[in-house]
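Peer 1: no sequence on this one, just coordinates:
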């Protein structure tokens, strides 16, 4: 039996980082409208409890948390209209996107037992937060691509 195939847009690294910063500055997704520059993001999907391998979010979602593409498909199977598994807002497939920033961050910490990552926008770094006392850190920079120099063919139609 073939898996359901869902084609989604890619939210590029710099755009995703800019949107994360904007959500922090406007207080979107936080309580009290405070300006935030440091975010804790779960690395595991809240529904399946599995590690997020294909982080997605909706174009209009204001939360920082991603969900796995498989969760989106499971959550919306047989439902219309489709909705975001996190905020429950309407989320048709054409408003869904794969988040390249979180994909890279989650891949950076894939070998550890991190349950959450802490993103510090002021210092351009991420820390893996695990159930143990140890933490690890990576920089939040686009080292894999130069601006406008992408090998992906999703925008070449």
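Peer 2: Looks like it arrived, so ask away. A quick note: this is a predicted structure, and the numbers were derived from the prediction, not measured.

Peer 1: from what I can see residue 83 touches residue 89, true?
Peer 2: Yes. Using C-beta atoms under 8 Å, residue 83 makes contact with residue 89 at a distance of 6.3 Å. For glycine as for every other residue, the C-beta is placed from the backbone atoms N, C-alpha and C.

Peer 1: Please identify which of these two sits among more neighbours.
Peer 2: residue 83 (17 against 14; other C-beta atoms under 10 Å).

Peer 1: check contacts around that one.
Peer 2: 75, 76, 89, 90, 91 (C-beta atoms under 8 Å, 6 or more residues apart in numbering).

Peer 1: Tell me the one of the residues you listed nearest residue 8?
Peer 2: Comparing the contacts of residue 83 against residue 8 with C-beta to C-beta places residue 91 closest, at 10.9 Å.

Peer 1: pLDDT score assigned to the closest one?
Peer 2: What the model reports for residue 91 is a pLDDT of 94.

Peer 1: With the one 3 residues further on instead?
Peer 2: pLDDT recorded at residue 94 is 93.

Peer 1: isn't there a strand covering residue 61?
Peer 2: No. Per DSSP: H, G, I helix; E, B strand; the rest coil, residue 61 lies outside any strand segment and is coil.
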